[in-house]
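Chemist: attaching a predicted model along with its sequence, questions to come.
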Amino acid sequence: MNGKTGDKVVIGGIYKCKDHPENTVTFKKGAIFLPCGRAGSHGTVWLLVRKVP
């Protein structure tokens with residue numbers, strides 16, 4: 001599962017930035033994917049690492 005910056009989170013969990021995999025963020029279901037905080041805060045594709053309730 002993945003999502004792009006600005007998309008609604010369908011599955012809550014821990015996500016990593018496609019371009020900066022060391023940057024992980026926990027997003028709750030229903031939230032909006034934020035930009036990556038690295039390299040001047042850029043839009044990205046977030047990749048699900050682990051689901052969380």
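Modeler: Nice, thanks for sending it over. The structure presented is a predicted model; accordingly, all values stated were derived computationally and were not measured.

Chemist: spit out the contact partners of the most centrally placed residue in the chain.
Modeler: Nearest to the mean C-alpha position of the chain, counting by C-alpha atoms, centre = their mean, stands Trp46 at 3.7 Å. Trp46 is in contact with Asn2, Gly3, Lys4, Thr5, Tyr15, Lys16, Cys17, Lys18, Val25, Phe27, Phe33, counting by C-beta atoms under 8 Å, 6 or more residues apart in numbering. Bear in mind the C-beta positions are built from the backbone N, C-alpha and C, glycine included.

Chemist: now for the helix or strand Val25 falls within, which elements pack on it?
Modeler: Val25 is part of strand 24-27, with elements assigned from DSSP states H and E. Strand 24-27 is packed against strand 13-17, strand 45-51, with contacts defined by 3 or more C-beta pairs under 8 Å, 6 or more residues apart in numbering; DSSP states H and E.

Chemist: hey, which of the ones you listed is tucked in deepest?
Modeler: strand 13-17 (a mean of 20; mean count of other C-beta atoms under 10 Å).

Chemist: quick one: that strand to strand 45-51, angle?
Modeler: Relative orientation of strand 13-17 versus strand 45-51 (axes from the mean of the first three to the mean of the last three C-alpha atoms, to 10 degrees): 150 degrees.

Chemist: which strands and helices sit next to strand 13-17?
Modeler: strand 24-27, strand 45-51.

Chemist: to Arg38, which of these lies closest?
Modeler: Smallest distance to Arg38 across the helices and strands packed on strand 13-17 (C-beta to C-beta): 10.9 Å, for strand 24-27.

Chemist: that closest one pairs with which strands, and in what direction?
Modeler: Its sheet considered, strand 24-27 pairs with strand 13-17 (antiparallel) by DSSP bridges.

Chemist: ok, back up a step: out of the helices and strands packed on strand 13-17, which is closest to Gly37?
Modeler: strand 24-27 (8.0 Å).

Chemist: how about the closest one: buried residues?
Modeler: The neighbour-count check on strand 24-27 (16 or more other C-beta atoms under 10 Å) flags Phe27 as buried.
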